[in-house]
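Engineer: need a structure here:
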Amino acid sequence: MLSRLPHHAPLWAYLKARGMPPPKILLIDDDLVVRTAMVQFLADLGYQVVVAADGERGLRLFRSEKPDLVITDIIMPEKEGIQTIVEMRREQPSAKIIAVSGGGRIGNADFLKVARSMGANDVIAKPVDPDDFAARIKRCLST
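Structural biologist: Model (predicted):
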């Protein structure tokens with residue numbers, strides 16, 4: 001269904017016309033500025049967005065909200081992204097997860113490589129390119 005849409009097509013209009021709810025994305029990021037920008041970006045693309053500021057809250061929402069896709073930062077307080085991915089994958093092996101990282105002291109390539117090996121379906125470095133990010137989200141949801 002989603003694979004036939006251009007990645008910037010107004011998803012909400014397509015789904016609404018067919019009486020379908022938009023996909024639900026759980027966004028987990030501790031940075032308020034990044035979180036706010038990503039929520040606006042995802043909402044503009046037509047997704048329903050549920051938000052958590054750390055992995056611990058993210059896991060609770062993962063269990064209660066049953067999102068179609070999780071987008072998680074790697075470096076966070078309470079529970080970092082790698083541990084969050086591992087626990088989500090253990091609870092729901094088919095979960096769709098995109099890991100995002102701005103790096104830190106080691107460099108984001110290392111974190112993203114580990115995230116992929118621990119179960120992330122896709123990884124992307126911050127700052128994200130909007131068109132690339134939209135295409136990756138669409139691709140992950142359509143698999």
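Engineer: Okay, now the unreliable bits of the chain?
Structural biologist: In the predicted model, the chain carries pLDDT under 70 at residues 1-16, 103-109.
Engineer: Repeat the analysis, applying 50 as the threshold.
Structural biologist: 1-8, 105, 107 (pLDDT under 50).
Engineer: which residue ranges form the strands in it?
Structural biologist: 24-28, 48-52, 69-73, 97-101, 122-125 (DSSP state E).
Engineer: quick one: which of these is nearest Gln40?
Structural biologist: strand 48-52 (9.1 Å; CB to CB). (C-beta placed from N, C-alpha, C; glycine too.)
Engineer: helices or strands up against that closest one?
Structural biologist: Secondary-structure packing of strand 48-52 (3 or more CB pairs under 8 Å, 6 or more residues apart in numbering; DSSP states H and E): strand 24-28, helix 32-44, helix 55-65.
Engineer: Now mean neighbour count and distance to Asp73 too, for the ones you listed, in a markdown table please.
Structural biologist: Rendered in a markdown table, the data for those read as follows (neighbours: other CB atoms under 10 Å; distance: least, CB to CB, whole Å):
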| stretch | mean neighbour count | distance to Asp73 |
| --- | --- | --- |
| strand 24-28 | 24 | 6 |
| helix 32-44 | 15 | 8 |
| helix 55-65 | 18 | 9 |
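Engineer: Now that we have those, can you turn them into TSV and tack on distance to Ala99?
Structural biologist: Converted to TSV, these look like this (distance: least, CB to CB, whole Å):
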stretch	distance to Ala99
strand 24-28	10
helix 32-44	13
helix 55-65	11
